[in-house]
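> Okay, structure incoming, though there's no sequence with it:
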């Protein structure tokens, strides 16, 4: 034990948690919570907290950095395609990780926002958010906070044994309006926006007011959420290489779509997610988006 | 140093099985569903064990298969979809989606 550590008594785990949550909220988070690092049994092997940090005890999750109310109102889809704020919550997550290491002397590893070699998340931040009680998974996929609705999350894995919150008891989805709509129309706003049986990505069923089934076309969602990003670039590059006519090939390379893709990849932090249509119509947190 | 990629014949032979097992189209994938209802799909390692392939080959087949699943036209449709939905919401709000539902509910109320 260092001389400095000997002078200052180590805070209890509950105190440490309270300090970290205060730090997160002061830093702009709308929610924060703790998941037990061993609770990720639903995640595939190789994608659990202890796979990244073997002695992990807890996963600290912060949520926030939502699109502003005005963002949702813009009629220009390309605006939100290029204005994601996910990087802000990751920056806050990184600050908290630094705080855990410097202030408390425990390892804290931030779950990368990107994907591994197999195109999978290193650890599902969505699952971490659920297990930390920050929100619950919607029928459309994203984890919704009961009051604020859609938001971004950042998760950090730590050897500091923080008391876990565990999942919320009451799911945020479906909202009462959606249950009502389901009972009368057999659909919900998000499912009606992007129906899997009509060329969309989402399907599902509500039973007794709770989600009973979900369907998600990940490949189609990729074409919408990453239209002008790496997948779109690979498609356009493939088309350019396959084109034998030099003049036509040049048209593809200099096209607005190909150019947009390159711009998006350059500013990747703000353009990794390019489709918000299922969340735009989600009633959870909707009242906070209605301003003057 | 060579660049690892899967032989096209191997890819064609196994891509449908790999995509099916990995649940590229996910049905009841989500973690909070009861264990008896949940179908999480298999990991690349598990698929490899089932199909007699190594994990890296499965990973490559899955990644290429997921990218090839939809043709480039779908990206064009995606852009149109977003523009249409976004503009409709800006003009009509939630009722862009729920209008039909609201209209029917109002008609039912009037009829009652």
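Nice, I can see it. In this text, all values refer to a predicted model and were calculated from it rather than measured experimentally. Numbers count the residues shown, from 1 in each chain, chains lettered A, B, ... in the order given.
> The residue of the stretch 101-250 of chain A found nearest chain B: which element?
Per CB to the nearest CB, residue A:219 is where the stretch 101-250 of chain A lies closest to chain B, at 3.8 Å. Backbone N, C-alpha and C define where each C-beta goes, glycine included. Element membership for residue A:219, per DSSP states H and E: helix A:218-225.
> What's the mean pLDDT across that helix?
Averaging pLDDT along helix A:218-225 gives 94.
> Regarding residue 21, what is its secondary structure?
As the question left the chain open, I've gone with chain A. Under DSSP: H, G, I helix; E, B strand; the rest coil, residue A:21 falls in the helix class.
> Sorry, I should have been clearer: chain B.
Going by three-state DSSP, the secondary structure assigned to residue B:21 is helix.
> got the contact list for it?
Contacts here follow CB atoms under 8 Å, 6 or more residues apart in numbering or on different chains; on that basis residue B:21 touches B:41, B:42, B:46, B:47, B:50, B:51.
> picking that back up, next, the angle from the helix or strand following the helix holding residue A:219 to helix A:218-225.
Tracing the chain past helix A:218-225, the next element assigned as helix or strand by DSSP H and E is helix A:230-242. Between helix A:230-242 and helix A:218-225, the angle formed by their directions is 90 degrees, by axes from the mean of the first three to the mean of the last three CA atoms, to 10 degrees.
> how far does stretch A:137-153 stretch from start to finish?
Across its full length, stretch A:137-153 reaches 13 Å between end residues, using CA to CA, to the nearest Å.
> correction: stretch A:109-119
Using CA to CA, the gap from the first to the last residue of stretch A:109-119 comes to 20 Å.
> Next: stretch A:147-163.
End-to-end distance of stretch A:147-163 (CA to CA): 23 Å.
> What's the local residue count around residue 35?
You didn't say which chain, so I picked chain A. The tally of other residues near residue A:35 (other CB atoms under 10 Å in any protein chain shown) stands at 27.
> I was thinking of chain B, sorry if that wasn't clear
When counting by other CB under 10 Å, one arrives at 8 neighbours for residue B:35.
> quick one: it is in a helix?
No: if the criterion is three-state DSSP, then residue B:35 is coil and not within a helix.
> So which residues of chain A form strands?
In chain A, the strands defined using DSSP state E lie at A:31-36, A:58-64, A:108-110, A:136-137, A:143-145, A:149-150, A:152-158, A:202-207, A:210-217.
> For the fifth one, the averaged confidence score.
Per-residue pLDDT over strand A:143-145 has a mean of 98.
> which residues are in contact with it?
Contacts for strand A:143-145 (CB under 8 Å, 6+ apart): A:30-31, A:63, A:126, A:129-130, A:134-138, A:150-151, A:153, A:172-173, A:282, A:284-285.
> Which ones, among these, also lie beside chain B?
A:130, A:136, A:137 (CB under 8 Å from any CB of the partner chain).
> Between the residues you listed, identify the one with the most neighbours.
With neighbours set by other CB under 10 Å, the maximum within these is found at residue A:130, which has 27 neighbours.
> wait, what's in contact with that one?
For residue A:130, the residues meeting the contact criterion (CB under 8 Å, 6+ apart) are A:136, A:137, A:143, A:167, A:168, B:31, B:32.
> mind redoing it with 6 Å?
With contact set as CB atoms under 6 Å, 6 or more residues apart in numbering or on different chains, residue A:130 has these partners: A:137, A:143, A:167.
> export these to a markdown table and tack on distance to residue A:258?
Written out in a markdown table, the entries for the contacts of residue A:130 read as follows (distance: CB to CB, whole Å):
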| residue | distance to residue A:258 |
| --- | --- |
| A:137 | 35 |
| A:143 | 34 |
| A:167 | 43 |
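> Just the buried residues of the lengthiest helix in chain B, please?
Secondary structure of chain B read by DSSP state H shows that its longest helix is helix B:73-92. Using 16 or more other CB atoms under 10 Å in any protein chain shown as the test for burial, helix B:73-92 gives B:74, B:75, B:77, B:78, B:79, B:81, B:82, B:85, B:86, B:88, B:89, B:90.
> per-residue pLDDT, the second one?
When you say that, I think you mean residue B:75. According to the per-residue confidence, residue B:75 scores 95 in pLDDT.
> near chain B, which residues of the stretch 151-292 of chain A?
Contacts of the stretch 151-292 of chain A with chain B, taken as CB under 6 Å from any CB of the partner chain, map to A:181, A:185, A:189, A:192-193, A:213-219, A:223-224, A:227, A:232, A:234-235, A:239, A:275, A:277, A:280-281.
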